[in-house]
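Asker: Let me see the structure of the following:
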Amino acid sequence: MKKYIWLLAIGLTVNALQAQEVSDAVRYSQDNLNGTARFRAMSGAFGALGGDLSSINVNPAGSAIFANNQMGLTLTNFSNKNNSNYFGSTNSTKNNSIDLNQAGAVFVFENNATSNWSKIAIAVNYENANNFNNDLFSSGTNTNNTVADYFLFYANRGNNGAPVPQQFVNREPGESISDLYSFLGNNLPNNQFPGLSGYDAQQAFLGYQAFIIDAIDENNANSPYSSNVPATNYFQQNAVFNTGYNGKLSFNIATSYKDKFYFGLNLNSHFTDYVRSSRFSERNDAATTNNFRVNQIQFNNDLNTYGTGFSFQLGAIAKLTNELRLGLAHESSTWYRLTDELSQSVVAISRNSTETLPADVVSPDVINVYEPYKLQTPSKTTLSLAYVFGKKGLISVDYAMKNYGSTAFKPKNDAYFMGLNNTISNTLDNTGEIRVGGEYKIKALSLRAGYRFEQSPYKNTEIMGDLTGYSAGLGYNFGSTKLDLAYANATRNTQQGFFNQGFTDGARIANNNNNVSLTLLFEL
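Answerer: Alright, predicted model coming up:
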């Protein structure tokens with residue numbers, strides 16, 4: 001049966017599984033330091049304090065600390081600066097955006113004075129748990145590896161290690177690039193070619209149609225492939241544009257017992273929308289010969305991941321004395337249901353000693369819509385201690401523990417996910433995070449500062465280093481209205497691999513994140 005006949009009934013979207021990566025698991029398992037300006041100014045050290053709308057995202061018992069009804073919203077300027085180093089060449093990129101970072105309200109209900117359960121608080125709070133807006137640009141001269149190795153990897157690995165059959169990279173008469181690219185996504189793997197995924201075959205097809213790779217023996221249907229890119233030095237550029245957010249909407253209820261013990265519960269709804277557009281280009285100046293060889297390549301990938309999730313939190317705060325408070329909170333895993341959409345295109349230019357050919361443009365104009373999958377992120381436990389100096393000030397410390405190695409894609413019995421989850425458990429680690437915050441009050445003015453340190457989720461810290469952050473801020477109490485301002489800085493180094501297979505070279509990225517937040521609060 002001809003391939004394009006099968007295509008008629010299935011349209012131009014695909015349902016084959018895309019190759020998720022460890023980095024995807026990390027992306028949706030991490031939270032940024034977001035929330036109210038007071039929360040950010042004290043680096044989020046609120047687990048034993050409560051009394052702040054963002055504190056309930058650390059410890060849900062914190063809403064029972066409120067004395068009055070309150071509502072508030074926060075605007076934040078997110079600023080990212082990335083310095084990249086790729087084979088000794090350095091570049092710098094900046095990204096700025098302003099967003100509604102937090103909005104919420106808490107309502108406090110006093111019980112009968114004779115009851116030991118003196119208070120019930122109900123709160124609703126939204127936070128941008130992670131802002132994905134971030135641009136990266138890297139360039140440099142690679143003396144060894146070419147992006148052609150990416151296409152070769154997929155072309156020569158398919159079908160249980162056998163090369164991708166030529167019937168899947170060559171078009172039949174009347175069959176367009178869109179037809180065959182879409183067919184591969186919809187109909188592989190299948191019983192005839194076990195072990196060959198549609199995604200693998202699509203990558204081989206792109207490289208073959210752009211003349212980046214070619215069959216060694218065109219008369220052999222199962223011939224291996226070789227590169228049409230000469231062995232030389234390669235000037236490479238990689239531009240990545242990330243946008244999107246990971247939102248968290250918390251529904252909270254808390255109560256207090258004798259104004260000494262506080263207990264709370266959060267039910268959290270998560271929703272995420274992540275967009276990554278990458279543009280990788282490569283050129284070489286190899287000496288020309290009579291044979292046509294590829295000397296310029298541009299490979300474009302546009303990924304959109306979106307979905308929803310659910311988690312819950314339990315927490316308790318104890319007033320050991322009038323000054324000393326102890327907090328304990330547990331946040332469950334977040335159970336996500338995610339969908340990926342991917343579009344790709346390749347442009348390559350070939351030349352010989354006398355002629356440059358017109359560009360080979362391989363643009364399927366197909367959006368690969370993959371089957372939804374599930375992701376379970378790690379749970380988190382936070383221990384907190386705070387000391388309150390009457391009405392003058394306070395100091396607070398939080399310590400949080402999270403096992404990134406427990407992150408899992410589902411269904412777990414899927415062959416690909418089994419291998420990926422095993423890689424995750426071997427690659428990611430147990431981590432600790434410490435947050436320290438302080439506040440000092442001078443009449444209606446509050447001065448705040450904080451520090452945080454977060455261990456890398458990777459066992460190999462060259463992939464992603466530890467995070468170090470500092471913060472400061474101030475607030476003014478006008479009575480029934482409060483205005484808070486905060487500045488927070490965080491730095492972290494990462495290794496940005498351009499592709500996950502075949503061609504895995506990447507740039508060293510030093511990220512510097514600076515955020516300014518402004519919160520307006522109203523007591524009702």
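Asker: Secondary structure element for S43, which one?
Answerer: For S43, there is no enclosing helix or strand under DSSP states H and E.
Asker: Now do the same contact list for it.
Answerer: L33, R435, V436, G437, G450, Y451, R452, G469, Y470, S471, A488 (CB atoms under 8 Å, 6 or more residues apart in numbering). C-beta coordinates here come from the backbone N, C-alpha and C atoms, glycine included.
Asker: Identify the residues contacting stretch 479-486?
Answerer: Stretch 479-486 is touched from outside by 36-41, 72, 446, 448, 471-476, 515-523, with contacts defined as CB under 8 Å, 6+ apart.
Asker: same thing but 6 Å
Answerer: Outside stretch 479-486, the residues within contact range by CB atoms under 6 Å, 6 or more residues apart in numbering are 37-38, 40-41, 473-476, 517-523.
Asker: next one: stretch 271-281
Answerer: So stretch 271-281 is contacted by 132, 237-244, 246-247, 298-308 (CB under 6 Å, 6+ apart).
Asker: Sort out which residues of it are buried, please.
Answerer: T272, Y274, V275, R276, S277, S278, F280, S281 (16 or more other CB atoms under 10 Å).
Asker: and the fourth one, how far is that from S23?
Answerer: This means R276. As for R276, its distance to S23 is 11 Å (criterion: CB to CB, to the nearest Å).
Asker: now do the first one
Answerer: When distances are taken as CB to CB, T272 and S23 turn out to be 15 Å apart.
Asker: Would you mark the buried spots in the helix or strand containing L328?
Answerer: Assessed by DSSP H and E, L328 sits inside strand 324-331. By neighbour count on 16+ other CB under 10 Å, the buried set for strand 324-331 is R325, G327, L328, A329, E331.
Asker: Let me know the next secondary structure element after whichever strand or helix holds N128.
Answerer: When elements are assigned from DSSP H and E, N128 belongs to strand 117-131. Next helix or strand after strand 117-131 toward the C-terminus (DSSP H and E): strand 134-142.
Asker: just checking, what packs against the next helix or strand after that following strand?
Answerer: Going down the chain from strand 134-142, the next helix or strand is helix 148-161, by DSSP H and E. Contacts defined by 3 or more CB pairs under 6 Å, 6 or more residues apart in numbering; DSSP states H and E place helix 148-161 against helix 198-209, strand 213-215, strand 225-227.
Asker: Adding distance to T321, mean neighbour count and mean pLDDT, write the ones you listed out as JSON lines.
Answerer: Listed next are those as JSON lines, based on distance: least, CB to CB, whole Å; neighbours: other CB atoms under 10 Å; pLDDT from 0 to 100:
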{"stretch": "helix 198-209", "distance to T321": "60", "mean neighbour count": "26", "mean pLDDT": "94"}
{"stretch": "strand 213-215", "distance to T321": "72", "mean neighbour count": "21", "mean pLDDT": "95"}
{"stretch": "strand 225-227", "distance to T321": "72", "mean neighbour count": "19", "mean pLDDT": "95"}
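Asker: Where is the longest strand in this structure?
Answerer: As assigned by DSSP state E, the longest strand anywhere in the chain is strand 293-319.
Asker: how many neighbours does A287 have?
Answerer: Other residues lying near A287 total 8 when counted by other CB atoms under 10 Å.
Asker: Next: G195.
Answerer: 14.
Asker: Which of the three states applies to it?
Answerer: Three-state call for G195 (DSSP: H, G, I helix; E, B strand; the rest coil): coil.
Asker: Just the contacts of S43: which are in strands?
Answerer: Using DSSP E, those in strands are R435, V436, G437, G450, Y451, R452, G469, Y470, S471, A488.
Asker: Contacts only, for the second one.
Answerer: Right, the one you point to is V436. Applying CB under 6 Å, 6+ apart to V436 gives the contacts A45, V397, Y451.
Asker: 7 Å - rerun?
Answerer: Counting by CB atoms under 7 Å, 6 or more residues apart in numbering, V436 touches S43, A45, V397, G450, Y451.
Asker: From the ones in strands among the contacts of S43, list the buried ones, please.
Answerer: Buried members of the ones in strands among the contacts of S43, scored by 16+ other CB under 10 Å, are R435, V436, G437, G450, Y451, R452, G469, S471, A488.
Asker: So for the second one, what pLDDT did the model give?
Answerer: Which is V436. V436 is assigned 98 on the pLDDT scale.
Asker: which one is it nearest to, not counting chain neighbours?
Answerer: Nearest residue to V436 in three dimensions, chain neighbours excluded: Y451, at 4.8 Å (CB to CB, 6 or more residues apart in numbering).
Asker: sorry, back to before: just checking, what packs against the longest strand of the chain?
Answerer: In terms of contacts (3 or more CB pairs under 7 Å, 6 or more residues apart in numbering; DSSP states H and E), strand 293-319 is packed against strand 261-283, strand 324-331, strand 335-351.
Asker: Just the buried residues of the helix or strand harbouring L73, please?
Answerer: According to DSSP H and E, L73 maps onto strand 70-86. Neighbour counts over strand 70-86 (16+ other CB under 10 Å) mark 70-76, 78-82, 84, 86 as buried.
Asker: partner strands of the helix or strand following it, parallel or antiparallel?
Answerer: Remark: after strand 70-86, the chain's next helix or strand is strand 89-110, criterion DSSP H and E. Strand 89-110 has the following strand partners under DSSP bridges: strand 70-86 (antiparallel), strand 117-131 (antiparallel).
Asker: so what's T93 up against?
Answerer: Contacts of T93 (CB under 7 Å, 6+ apart): N82, D135, L136, F137.
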